[in-house]
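Chemist: predicted model and sequence follow; I will ask about them next.
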Amino acid sequence: MICSILAVAVTVLSLTSAKVYFKEDFNDAGWKSRWTVSTEWKPKDEMGDWEWTAGKFYGDSNDKGIQTSVNSRSYGISAKLDEEFTNKNKELVIQFSVKNEQKPYDCGGAYIKLLGDIDQSKFGGDTPYLVMFGPDMCGHQNRRTHVIFNYPPKNDNLLIKEDVKVETDDVTHLYTLVVRPDNTFEVFIDQESVRAGKLEDAFDFLLPKEIKDPSVSKPADWVDKKMIADPEDKKPEGYDDIPSEIPDPDAAKPEDWDDEEDGDWEAPIIPNPEFKGAWKPKQIANPEYKGEWKHPLIPNPEYKVDTELHVRAVNAKYVGFELWQVTSGSLFDDIIIADSLEEAKSYADLTFEKKKGPEKAARDESEKKNAPPAEEEEEAEESEHDEL
């Protein structure tokens, strides 16, 4: 009992001390005053419009978000954080939901960006960012959840080495990224962990700890060929005389064939079942094989430890969506930027967890109403028509 009380007390304390830098549920018309559309990024006819809506199906019509609404367009929109912050020595949590209603979802981004100092009217694809996180899909091969960090020492945006899964259906999913002060990270989808690890291992922040010894080379007499041709194996006599094709022995000259009119009859040519291709001696284990040579490694003299890899938000001021979509229909909602995963989870319980059940039921009901007649019903209708 005492342990339970202490656990609750710790949770309450962590929530009360948590810092929320931004929160947006888009449930009031005032969202337009909080967000700025990119008007000077590209010509107007290349930019798509944001629609304020609950989407095609929903559990609550008042639970709205902003949705891309025009195909083959770019989208840019951003909002200022409640206050500028840096995540040194504390968690960085970025969380938002997205519902991709478009069918098919052929190609388009659905990710969010954490930004420094920007001109909101010009915010676009070339605008520097601190973190880029969320789904990106194009075709069936390129489908992933992006986790990209800008790393000033390399002046580069570093993509996570191993792709993170992504949800591809048309209901709302919640994406959460946590960066911790112990230089680890974790990605959650629908509040379930899908990837976690050390920043140094998962991203190319640092140079390798070890490099190949430049003073060492593979010995000239090193044998790394596992198999060789058997010197005792000889080509059978007459092997090269076997033709690859032969006249079909089962073919017969047609009875109505006239040699004077049709010319000399020749049997059709077929692959020779006796032909075995170019002769090759059988392979045997190489008695001189020494194994695969491995280049010796030495400590990399240029490797430098960075104990602050977790500091991915440096003077963060804005958050935004900068996207290209072939088929529009991505609806964004329930954004939170904070320094506490528990705070983000509490927000998810109030938003995502309450909407997902009713929303899925509404989606299923919509699909049921709009579904084409079942095969049996179609056959029954055809039968009734035939009888009439």
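Modeler: Perfect, I can see it now.
Chemist: who does the helix or strand harbouring residue 174 pair up with?
Modeler: Assigned by DSSP states H and E, residue 174 falls within strand 172-180. Paired neighbours of strand 172-180 in the sheet (DSSP bridges): strand 92-100 (antiparallel), strand 184-189 (antiparallel).
Chemist: identify the bridge partners of the closest residue in space to residue 96 that isn't next to it in sequence.
Modeler: Computed as Cβ to Cβ, 6 or more residues apart in numbering, the closest residue to residue 96 that is not its neighbour in sequence is residue 335, at 4.3 Å. Just so you know, the C-beta spots here come from the backbone N, C-alpha and C atoms, and that holds for glycine as well. Residue 335 has the following beta-bridge partners by DSSP bridges: residue 24.
Chemist: in contact with residue 335, which residues are there?
Modeler: Contact partners of residue 335, counting by Cβ atoms under 8 Å, 6 or more residues apart in numbering, are 22-24, 95-96, 112, 319.
Chemist: what's the PyMOL line that selects buried ones from these?
Modeler: A single PyMOL command is used to select the members of the contacts of residue 335 judged buried by 16 or more other Cβ atoms under 10 Å:
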select buried, resi 22+23+24+95+96+112+319
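Chemist: re earlier: so what touches the strand holding residue 174?
Modeler: Applying Cβ under 8 Å, 6+ apart, the set of residues contacting strand 172-180 is 87, 91-99, 131, 133-135, 145, 147, 167, 185-191, 199, 310, 312, 331, 333-334, 341, 344, 348, 352, 355-356, 359.
Chemist: can you say which of the residues you listed are buried?
Modeler: When the contacts of strand 172-180 are checked for burial by 16+ other Cβ under 10 Å, the buried set is 87, 91-99, 131, 133-135, 145, 147, 167, 185-190, 199, 310, 312, 331, 333-334, 341, 344, 348, 352, 355-356, 359.
Chemist: export the strands paired with strand 172-180 to TSV and tack on distance to residue 279?
Modeler: Listed next are the strands paired with strand 172-180 as TSV, based on distance: least, Cβ to Cβ, whole Å:
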stretch	distance to residue 279
strand 92-100	58
strand 184-189	56
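Chemist: any idea how far the longest helix seen in the chain is from the chain center?
Modeler: In the chain, assigned by DSSP state H, the helix with the most residues is helix 352-370. Computed by Cα atoms, centre = their mean, to the nearest Å, the separation of helix 352-370 from the middle of its chain amounts to 25 Å.
Chemist: ok, now stretch 298-313?
Modeler: Centroid separation for stretch 298-313 versus its chain: 27 Å, with Cα atoms, centre = their mean.
Chemist: what's the first-to-last distance across it?
Modeler: Start and end residues of stretch 298-313 are separated by 34 Å (Cα to Cα, to the nearest Å).
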